[in-house]
Structures are given as C-alpha cells and as structure tokens.
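>>> my questions concern the predicted model and sequence given below.
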Amino acid sequence: MEDQNKNLILATVLSFLVILGWFWLFPPPEPSVDPNAPAAQVQPVTPAPTTAPATAAVAAVPQAPRLAIDTPRLEGSISLLGGRIDDLKLKGYKVSLDANAETVRLLSPVGEDHAYYALYGWSAGGTLEATDAPGAATEWTQVEGSTLAPGQPVKLQWQNGKGLTFTRTLTIDDHYMFAITDAVQNDGAAPVTLQPYGVVARHGKPADLQNFYVLHEGVVGRVDGTLQEVKYKALDELPLVEREGAQAEVLEAGKDGWLGFTDKYWMTVLVPEQGKPFTAVMKYDPRSSIYQTETRLPALTVAPGASAEVTSQLFAGAKEWETIRNYQNDPSLLEGLFGMKADPARPQIGGFIDSIDWGWFFFFTKPIFWVLHLLHGWIGNMGLAIIALTFVLKLIVLPLAYKSYVSMARMKELQPEMEALKERAGDDKAKLQKEMMQLYKDKKVNPAAGCLPIFLQIPIFFSLYKVIFVTLELRQAPFFGWLRDLSAPDPSSLFNLFGLLPWAAPAHPSLMATIFIGLLPILLGISMWLQQKLNPAPTDPAQAMVFAWMPWVFMFMLGSFASGLVLYWITNNTITFIQQYAIMRSHGHRPDIFGNIKAGFGKKPAAAKAPVKGKK
C-alpha cells in the first residue's frame, strides 16, 4: 500500500511541478500598448533601383480617391494613391463579446495609429528614374470597376509620360485572398528594365501585441520549404544592410514561398507566384519605426512595342484552419480568383497551414486540432467537442492506462505479502528492497506503472493548451450558460456568488480573479479530490498532507487558464475516476469512497500518554 501511495504521490507531484513551471514561465498574457508607434513618419532613404523598392512610407499622405471592397468576409477600400490595400475589416469577427462591439479591423492607412497596409509596385532600373515606375506615391486612375468583389475585378492605370503604361487588375475571392496582376506596355523607343515587388508594412508594433513567449507574433513565412518565424524583438536587432537603407535580412527563394506579418488570429501575407524564384526581405527602419516584409520578383526587360505581366496573391484575413488548408491543398480553390480553369499541376501555397502557430509539440497539436475541428463540425458546440475529444484521447491510451490501473489493483492484492516481507527484513532496507523486487518480478507487477497515465497527460495537456490558446476556432467559442468564450478564463466568480450578488466579478488577469475563482475551477478541484478518494489516505503524514492540498492548489492554479482547458481536465478526471473504479472492482477490490471521505474529515486518535515514572 505504501509503495502504491508513493507512486501516486510521485506522479501527482510531477504533474504539479510541470503545471507550476508552465504557469511561472508562461503567465497569461496581458494586453500591451505599443510604446514605439511614431507620432510622425520620417521619409526613409530610398534604396537603389532594381535591388530594393522604395519604402512604403511617406512623410504625409494626401487624401486620394478610394475604391470599395465588399465581399462575404471583408469590407474596406483601396486608395488610388499607390494602389494601397490599406483599409480592411473582417466582417465575421468582433473585438469582444459585447453586443455593440466593433468589427475587427486588420489594415489601416498611413495617418492613423499603427498604420498597416499592402503595396505593390515596380522598381526602375537602367536609364529609368525612380519616378518613372509606379510606387508608394503614384496616383493611379480608375479605368474599370468601382467596387472590388468576388467576380467583380477593378482595373487601375498609370502612364509615366515616357512611353510606359502600367495597368493593375485586382480580383478577390469570397474568403481572404486577393490577386494582383501588374502589367506594363512599352510604347517607347528603347527597352526598359523593371522589377515587380510587393510590400506589407507596419508602422510601429501592433497595439495589441501580447509578447507571450509561447505565441509567435511578427514575421511569418516560408522560403523553399523552410518556415520563417521572426518576432518583432528580433527584427529590432537585424544587422544594417546598406543597400536596403535599413536593418534587414534578405533570403533568396528558388521555387516557392510566402512572407508577411502574423498576429494571434489574423495575418497579412504576400504570396508570389509559386514555382518561380523570388527574393524575400524582412526589415526594420529604426528612423521611422516601420517594419516591412517584401517579395521581389526577378527583373524584367521589356522591348519597345512589347509588354510584360506578373501576378501575385495577397492573403489578408483571419487564420481559419479550413480556409488556409484549402489554399494549401485544393487545386481548384483559386479558379475563380484567377479566372482560369482548375489545374491540378499548378503549384499551391506550400506549407501555408504552418502560418498557424502550432508550437514545439506540432506533432501532437496538429492532429489534436484536426480531431477537435472534426468533432465540432459534427456536434456544433465547441465545449461538447472538447468533451468528446477527451473521450477519444482516453480511448487511444486505454490499453496502456488499463495495464497501469491493473498494476495498481494488483499492488493492493500484494499488500499482505509485502507486510510480511517488512516484518522479516526488519531494519535491513537492502534486503527488503531486494525481496520486494523479486516479489514484483514473480507476480509480474510493475510498481511504476501507476505513473504512466500522468506522464501521458503532460504532452496532451500542453498540446491542447496550445490549440485552445492560438487557434481562431476557439476564439469566442461558447459552451453553455455563462461560458461564452472557451478561450478565456471562467468569468464567474466567488466574489459575487456566481452572479447572485449585484456587483461585477473581478476581471482576469488580476490577483482578485485568481483568489475568487469561478465555478469551473471549483468543479476541477472537486473532481481531483474525488479521484483521490478511490484510495485511503497515506499513513505517512507528509504524504497525506500533499494529497490533502493538491486538488485545491491545482484548482487555484488552473483558475486563470482557458475555460476550455479546464473543461478538458474535469472531463479527463471524471473518465479516469470511472476507469479506475471499474478496474478495481473487476479485481475484487471495491473502493470505499465514502469511508475514505469520512476518514479524511475524521479526527486523528490522540497519542497514548507515556506512563509516569514510579506509577503502575
């Protein structure tokens, strides 16, 4: 009995230490205000033609005509100044659960706080001046279409007065993908050299930057099969590259890739034509506090009377798993966007699903989310899907868990023989250890098997934590009643008796919210406590104290975690309780749950008094 209790103590303490370490190293993120957003923009140095496009920033941006964007998922506008895609909202997402909450805004123009936009253009080479090619300050003319919508392209045009006519055609699908086709017609007398490029720029760091260690925010991309993830702090420390006029890193892609900026749930990514080479650039200009990613296609030489054309894509929207997976895998998804027939041989966006931050345990996180997404599609409620996922995970590990619980039950059957060994060995611990190991071997019992379920729970817990924290599908996902967002902590609180008293509960994260926990964490503590009561309390006082406090410590520690994760833990504890009870009953040992509970509340017998010397 003592060995079994020690094993359970070891497993529980290990789990406690892992969760405590996680809680200490990765506390819940707090919203932060960007201190680096500039009050005014400074004109950076213009890089050399054909090697780097002029920066997307300008000192002052005059008002310019705009073209509307209206799709089932997006609304906003395009500025004719530079042809910037710089005003974009996500129709299906609100900034909070409040009834009057604003729609999430992804992109915003220069002149507003934290400007964030996409820009396409040409870098001039050879005998051309920089102003002979369209860039950030170009005034485009609308020649076709007034509203960009699925099946309704818009066309812009600009002439440089030296025989070059530039035409830009923009199309969009019914999700989040733009297609930008830039064409140039050379009606001059000499050949010209031009290099097409795309830029995504951010003025300062995002206002809602979380700076959370396990969450990637910053540059995300893929270059020839290698995932690129660079946080803003690392961008601040890039080396100065003279030809770029800023701190930069330049990567050459031979065949495919994409590059842009990612937030927790949203991203804006440049996708050049796949299967062809391009140059990927990430940089930071400390003079203007502008972060920028660029994709530059190979330079083109256009002969007199000839024309050239390039097409790129821009993803600007929500990181929906199914949408991103389809852009990666479905050869027909972009058919309407490009106005062409589906071509299974046409390269898709390789590795696009990795724009979602799956973390170090991606080999667990990806399949866990896939199953959760599938269950949610069948059930229609994310909370019930988490409960169903817990059953699936427990079923997968059932063979190993069964062996573990059987071993624990058989340990109970060996208690009489173990007690006899202790009496025979006396104080000879080496002899006792040797004979106990022989007994385990003869009876085919593994005393450490009881720890296996806990060891299995650790990577599953971390992976599910990552899934619930970073995936958009869990954002503002309701369960029942007061649980309206499974990605957030339980909003109920002891402070107002779970809403019965007429004052608000303390907000997370705060010390008051940690102390006055919600109903779901309390249920977690009770489920852990009941699971303990399958066995009598250890006779050792130190072990008994650890057992007594463990459920309630976990209850407060996990109270500030996402309610979806706490729901998983409660379900897991409940299933484990039922499994252990059934297996122990099948081996002839009926747990005395009520007796163990009663014993836990009972008073300890008073120690016998030593006889007074000289008295009988």
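Great, that's in hand. The structure presented is a predicted model; accordingly, all values stated were derived computationally and were not measured.
>>> where does the stretch 51-200 of the chain dip in pLDDT?
51-62 (pLDDT under 70).
>>> also the chain?
Judged by pLDDT under 70, the chain has its weakly predicted residues at 1-62, 330-347, 405-415, 428, 443-454, 535-544, 587-589, 592, 596, 599-616.
>>> which parts of it belong to which domain?
66-357, 365-601 (automatic domain parsing).
>>> now those domains in a markdown table, with mean neighbour count?
Glycine gets a C-beta too; all of them are placed from N, C-alpha and C. Below are the domains of the chain laid out as a markdown table (neighbours: other Cβ atoms under 10 Å):
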| stretch | mean neighbour count |
| --- | --- |
| domain 66-357 | 19 |
| domain 365-601 | 17 |
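>>> how about the helices in the stretch 501-616 of the chain?
Remark: helices assigned in the stretch 501-616 of the chain by DSSP state H, counting those that start in this stretch are 511-515, 519-532, 541-557, 563-586, 593-601.
>>> correct me, but residue 484 touches residue 97?
Yes: assessed by Cβ atoms under 8 Å, residue 484 is found in contact with residue 97 at 5.6 Å.
>>> next up, the contacts around the most centrally placed residue in the chain.
Residue closest to the average C-alpha location in the chain (Cα atoms, centre = their mean): residue 470, at 2.4 Å. Applying Cβ atoms under 8 Å, 6 or more residues apart in numbering, we find residue 470 in contact with 215, 264, 356-359.
>>> nearest to residue 366 among those residues?
Using Cβ to Cβ, residue 358 is the member of the contacts of residue 470 that lies nearest residue 366, at 5.7 Å.
>>> pretty sure that closest one sits against residue 366.
Yes: counting by Cβ under 8 Å, residue 366 is a contact partner of residue 358 at 5.7 Å.
>>> what about stretch 269-277, start to end distance?
Start and end residues of stretch 269-277 are separated by 17 Å (Cα to Cα, to the nearest Å).
>>> ditto for stretch 504-515
Stretch 504-515 has an end-to-end distance of 15 Å (criterion: Cα to Cα).
>>> off-centre distance for it?
Offset of stretch 504-515 from its chain centre (Cα atoms, centre = their mean, to the nearest Å): 24 Å.
>>> ok, and what's touching it?
27-28, 30, 488-489, 491-493, 495-496, 499, 516, 518, 556, 559-560.
>>> repeat that with 7 Å
28, 30, 489, 491-493, 495-496, 516, 556, 559-560 (Cβ atoms under 7 Å, 6 or more residues apart in numbering).
>>> among these, which pair sits farthest apart?
Greatest spacing in these, by Cβ to Cβ: 30 and 496 (23.0 Å).
>>> SS state for residue 205?
Using DSSP: H, G, I helix; E, B strand; the rest coil, the structure places residue 205 in coil.
>>> phi, psi of it?
For residue 205, the backbone dihedrals (degrees, to the nearest 10) come out as phi -80, psi 160.
>>> now residue 220
Dihedral pair for residue 220: phi -130, psi 140, per degrees, to the nearest 10.
>>> quick one: what helix or strand has residue 418 in it?
Assigned by DSSP states H and E, residue 418 falls within helix 415-425.
>>> apologies, that question was intended for residue 171.
Using DSSP H and E, the element containing residue 171 is strand 164-172.
>>> any residues touching that strand, and which ones?
71, 83, 132, 134, 140, 148-150, 153-159, 178-188, 192, 337.
>>> circling back: relative to residue 499, how far out is the residue nearest to the centre of the chain?
30 Å (Cβ to Cβ, to the nearest Å).
>>> and for residue 283?
51 Å.
>>> same check, this time on residue 586
Where residue 499 is concerned, residue 586 sits at a distance of 43 Å (Cβ to Cβ).
>>> swap in residue 545?
Using Cβ to Cβ, one gets 35 Å for the distance from residue 545 to residue 499.
>>> again, but for residue 84
47 Å.
>>> same thing with residue 322?
35 Å.
>>> for residue 136, same thing?
Distance, residue 136 to residue 499, using Cβ to Cβ: 53 Å.
>>> just residue 354 next, same as before
From residue 354 to residue 499 the distance is 42 Å (Cβ to Cβ).
>>> could the helices of the stretch 501-616 of the chain go into a markdown table alongside distance to residue 326?
Formatted as a markdown table, these follow (distance: least, Cβ to Cβ, whole Å):
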| stretch | distance to residue 326 |
| --- | --- |
| helix 511-515 | 39 |
| helix 519-532 | 34 |
| helix 541-557 | 39 |
| helix 563-586 | 25 |
| helix 593-601 | 50 |
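>>> look at residue 462 and give its secondary structure.
Three-state call for residue 462 (three-state DSSP): helix.
>>> isn't it up against residue 361?
Yes: counting by Cβ atoms under 7 Å, residue 462 does reach residue 361; the two are 5.7 Å apart.
>>> pull the contacting residues for the closest residue to residue 103 other than its chain neighbours.
Setting aside the residues directly before and after it, residue 103 is nearest to residue 89 in space (Cβ to Cβ, 6 or more residues apart in numbering), at 4.7 Å. Residues in contact with residue 89 (Cβ under 7 Å, 6+ apart) are 74-76, 103-106.
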